[in-house]
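Asker: How does the following fold in three dimensions:
(one chain, ligands or ions: 1)
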Amino acid sequence: MTRPRIVVLISGSGSNLQAVLDACHSGATPADVVAVVSNRADAYGLERAEAAGVTTELVIKRDDEDRAVYDARLAVAVASFAPDWIVLAGWMRLLSMEFLSLFPDRVVNLHPALPGELAGTQAIERAWSESQTGTRTESGVMVHLVPDEGVDDGPVLGTTVVPIDASGTLETFATAIHDAEHALLVDVLTELCSPHLTPDQEGPPS
Ligand code: GRF
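Answerer: Model prediction:
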């Protein structure tokens, strides 16, 4: 049976991409990362992909390009890899329906906070600030489907709660969040790529 095809979209370091690459390589996740697409030429994740022998593609928004036109162009690039799953792993652009409508129920996002909390950028820093004023004792991470243009919102596929040691440091909290992200993203993709859930693919022989 053909393994599910994953395309990962990145904008930066790609530590979550690395976790997915490692899990696919080891066989823990029964899938293949067939391409990594970045909107930034300096994204370190591109080097991680190349080191793993995975095809990379840069799709950079031009200054004179409308968001809708860019998203449609991005969709063509991503679709060319025939993905079963599209994973937003540190992808720092909001996607419009010009992109999302082409991939219903196939776009997965990772957010460093729990459902309904701290949407948008700097979620780790904001959670930490709240812990320092005594209004927060825990945060977490979530993986969810992206059905529409809601920010860090959509059907939840998995969550992990991360307690905050307010007497610690932002750095140790951020490390705990990133560790939780790496583990949760791999767990969710492993489940999604199990034969009975992969879109348009036959299950295992009975
Ligand atoms: C992660 O914390 C992700 O949740 C957030 O950006 C960070 C990307 O990290 N949106 P990396 O590029 O995977 O290392």
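
Asker: Please name the bridge partners of the residue nearest to L114 when sequence neighbours are not counted.
Answerer: Nearest residue to L114 in three dimensions, chain neighbours excluded: G140, at 4.2 Å (CB to CB, 6 or more residues apart in numbering). C-beta here means a position set from N, CA and C on the backbone, and glycine is covered the same way. Counting by DSSP bridges, G140 is bridged to V161.

Asker: right, and G140 touches V161 too?
Answerer: Yes - look at G140 against V161 with CB atoms under 8 Å: they come within range, at 4.4 Å.

Asker: Those two: which has the busier surroundings?
Answerer: The neighbour count for G140 versus V161, taken as other CB atoms under 10 Å, is higher for G140 (23 against 10).

Asker: Tell me, what's the model's pLDDT at the more buried one?
Answerer: With respect to pLDDT, G140 has a value of 98.

Asker: Show me which residues of the helix ranked longest in the chain are buried.
Answerer: Under DSSP state H, the helix in the chain containing the largest number of residues is helix 170-192. Using 16 or more other CB atoms under 10 Å as the burial criterion, the residues of helix 170-192 that qualify are 173, 176-178, 180-182, 184-190, 192.

Asker: same question, stretch 23-35
Answerer: Buried, per 16+ other CB under 10 Å, within stretch 23-35: A23, C24, T29, P30, A31, D32, V33, V34, A35.

Asker: That one: end-to-end distance?
Answerer: 15 Å (CA to CA, to the nearest Å).

Asker: for stretch 28-35, same thing?
Answerer: End to end - CA to CA - stretch 28-35 spans 19 Å.

Asker: closest point of this structure to the ligand, which residue?
Answerer: Residue of the chain nearest the ligand, by CB to the nearest ligand atom: G90 (2.8 Å).

Asker: That residue and A19 touch, don't they?
Answerer: No - using CB under 8 Å, G90 is not in contact with A19, being 11.2 Å away.

Asker: these two touch, right, I60 and D42?
Answerer: No - at 10.7 Å, I60 and D42 do not qualify as touching, with contact defined as CB under 8 Å.

Asker: In terms of packing, which of the two has more residues around it?
Answerer: Ranked by neighbour count (other CB under 10 Å), I60 and D42 place I60 first, with 12 against 8.

Asker: circling back to that earlier point, show me the contacts for the residue of the chain closest to the ligand.
Answerer: Going by CB atoms under 8 Å, 6 or more residues apart in numbering, G90 touches I10, S11, G12, S13, G14, S15, N16, L17, G45, L110.

Asker: try 7 Å this time
Answerer: For G90, the contact set (CB atoms under 7 Å, 6 or more residues apart in numbering) comprises I10, S11, G12, S13, G14, N16.

Asker: Just to be sure, it is in a helix?
Answerer: No - assigned with DSSP: H, G, I helix; E, B strand; the rest coil, G90 falls outside any helix and is coil.

Asker: for the ligand, what are the nearby residues on the chain?
Answerer: Where the chain comes near the ligand, counting by CB under 6 Å from any ligand atom, the residues are 10, 12-17, 45, 89-90, 110-112, 181.
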